[in-house]
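Chemist: With the input below, show me the fold.
(chains A, B, C and D)
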There are 2 protein chains.
Amino acid sequence: MISKVVCAPVATMRRLPGYLRALKEMERKNQKTVSTVAIGDIMNLNPAVVKKDLSYVGSSDGKPKIGFEVTALIAGLEKFLGYNDATEAVLIGVGRLGRTLLSYEGFKNYGLNIVAAFDVDKSVAGTGIGNKKIFDMAELPRLVKRLNVHIGIITVPKQAAQEVCDILVDAGIKGIWNFAPAHLKTPDGIAVKNEDMAASLAELSNKLKGIV
Amino acid sequence: MISKVVCAPVATMRRLPGYLRALKEMERKNQKTVSTVAIGDIMNLNPAVVKKDLSYVGSSDGKPKIGFEVTALIAGLEKFLGYNDATEAVLIGVGRLGRTLLSYEGFKNYGLNIVAAFDVDKSVAGTGIGNKKIFDMAELPRLVKRLNVHIGIITVPKQAAQEVCDILVDAGIKGIWNFAPAHLKTPDGIAVKNEDMAASLAELSNKLKGIV
DNA sequence: AAAATATCGATATAAAAATATCTATAATGG
DNA sequence: CCATTATAGATATTTTTATATCGATATTTT
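Modeler: Purely as a prediction, here's the structure:
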């Protein structure tokens, strides 16, 4: 018999960070407990959705009439989302967007630590953004292996995206966060998350159409 | 009897820009026709999904054994996605991310035109990024109404996001593209699309977990 | 010209996600 | 102390989305 790994659905994973944000805001206001109804109210979600989502987190010890302890729930969510032990990542493409992401302080709160950046432009290699060093692309395979990094962030122009992707995969990267407006071809066993502005915009336009 | 408006599902809206990108690549290579099987192959999607998605676009005139005409399908998608007649938008918060988005040339291909930017920092008001002028926040209500803009892009720090959101809604904005890591409270009739890095990252981590 | 094949478009089925319902229980108010 | 109430947690239902199947048809092969 095959044991099925219980894994939270994508929709749940997307919502959890939002709950965490709302809960931290409550903690800041010294709120001690919260119900799924209250969370649903804030996030515009059906309480049943919130209940089910929190059941995946596992730290479920909600009490009837009371709800959940805010602090405990925050701890549970942070653990579940892996925010405590940081995952290391490399970033490729130190253009405008690359620089923006490199200097973004928020990632460390999400358990992501960009340990090195790379660019084909040899004039930027050797420089750095904040405490992050920028290397020449040629150094990538060696460094990725030495630092044992598993996530690559692609912020190169679309023409270069596939080539960079191939280099990352060859270097042993298992997860790719792609900000280039291009579809990447990857072998099985590589996780890709596309940050697609056009798709987001299409979604917003669609919602707007329903309103106006 | 109530007539139901046929509207493409969110999942479809998110995929269409990807098809368009792939089709343009084919056009560039002088490919004349394409089947849903071929598109699905490129995009890692079941052909049935592609078929249904394209059926929403309406320009469906695929022929058995042949597929769709690439050029016609591109035109259909661009029309459906509203890429021909640009929607105007304002951007609020000219920090690192704001500047990156202001100087991004790609939006015009997606039918979005940022016509003005705003910031509370009075020292940046009066300056500009490229051909885009930056105004003081105090000017926002007047300009939004005068320019008849319906979309607002929020790129301010999270502490300021809700306040900016309220100002936008008061000014008559109907759609909000929110890049701040904060949940916005809006009245009914306002479309909000959150660009949530934490959620994206959670999704990637989840996919990775399934692999490693 | 007939047979084989690829693909569309429609429909049926399956899977996933959201919503509703129900029971048990902890707190509150009389 | 008992009735009321809000809510958890489980389960059932509905809705949405994805996948599979099937007949029709345009093209290619024999």
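
Chemist: List phi and psi for residue A:177.
Modeler: Torsion angles at residue A:177 (phi, psi; degrees, to the nearest 10) stand at phi -110, psi 110.

Chemist: okay, the residue nearest to it when sequence neighbours are not counted: pLDDT?
Modeler: Excluding the flanking residues, the one nearest residue A:177 by CB to CB, 6 or more residues apart in numbering or on different chains is residue A:153, at 4.7 Å. Where C-beta positions appear, they are placed from N, C-alpha and C, glycine not excepted. Note for residue A:153: predicted pLDDT of 98.

Chemist: any idea whether residue A:153 is helix, strand or coil?
Modeler: Under DSSP: H, G, I helix; E, B strand; the rest coil, residue A:153 falls in the strand class.

Chemist: From residue A:170, how far out is it?
Modeler: Residue A:153 is 17 Å from residue A:170, where distance means CB to CB, to the nearest Å.

Chemist: Between those two, point out the one with more neighbours.
Modeler: Higher neighbour count among residue A:153 and residue A:170: residue A:153, with 27 against 11, using other CB atoms under 10 Å in any protein chain shown.

Chemist: which ones are touching the more buried one?
Modeler: Contacts for residue A:153 (CB atoms under 8 Å, 6 or more residues apart in numbering or on different chains) come out as A:89-92, A:101, A:114, A:176-177, A:179.

Chemist: partner residues bridging it?
Modeler: Note on residue A:153: beta-bridge partners by DSSP bridges are residue A:91, residue A:177.

Chemist: roughly how far apart are it and DNA strand D?
Modeler: Here the criterion is CB to the nearest atom of the strand, to the nearest Å. By it, residue A:153 lies 25 Å from DNA strand D.

Chemist: per-residue pLDDT, the residue nearest the centre of chain A?
Modeler: In chain A, the centroid-proximal residue (CA atoms, centre = their mean) is residue A:110; its distance is 7.0 Å. Note for residue A:110: predicted pLDDT of 96.

Chemist: Then residue A:7?
Modeler: 78.

Chemist: Do I have it right that it meets residue B:209?
Modeler: Yes: contact criterion CB atoms under 8 Å: residue A:7 and residue B:209 qualify, at 7.0 Å.

Chemist: name the element residue A:145 belongs to?
Modeler: In this structure, residue A:145 sits in helix A:140-147 according to DSSP states H and E.

Chemist: Only alpha carbons, please: show the lengthiest strand in chain A as PDB.
Modeler: As assigned by DSSP state E, the longest strand anywhere in chain A is strand A:112-119. Provided in PDB are the C-alpha atoms of strand A:112-119 (Å, rounded to 0.1, in the frame of the first residue of the first chain):
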ATOM      1  CA  LEU A 112      14.500  33.300   2.100                       C
ATOM      2  CA  ASN A 113      18.100  34.400   2.100                       C
ATOM      3  CA  ILE A 114      19.700  35.500  -1.200                       C
ATOM      4  CA  VAL A 115      23.300  34.500  -0.700                       C
ATOM      5  CA  ALA A 116      24.800  35.600  -4.000                       C
ATOM      6  CA  ALA A 117      23.900  37.300  -7.300                       C
ATOM      7  CA  PHE A 118      25.200  36.800 -10.800                       C
ATOM      8  CA  ASP A 119      25.300  38.800 -14.000                       C
END
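
Chemist: immediately after that strand, which helix or strand?
Modeler: From strand A:112-119, the next helix or strand downstream (DSSP H and E) is strand A:128-129.

Chemist: Now the element after that following strand, going C-ward?
Modeler: Next helix or strand after strand A:128-129 toward the C-terminus (DSSP H and E): strand A:132-136.

Chemist: Could you pull out the helices in chain A for me?
Modeler: Remark: helices assigned in chain A by DSSP state H are A:10-28, A:36-43, A:47-57, A:70-80, A:96-102, A:140-147, A:158-171, A:197-211.

Chemist: Please identify the most buried of those.
Modeler: Most buried of these, by mean neighbour count (mean count of other CB atoms under 10 Å in any protein chain shown): helix A:96-102, with a mean of 22.

Chemist: So which elements touch that one?
Modeler: On a contact count with 3 or more CB pairs under 8 Å, 6 or more residues apart in numbering or on different chains; DSSP states H and E, helix A:96-102 meets strand A:87-92, strand A:112-119, helix B:96-102.
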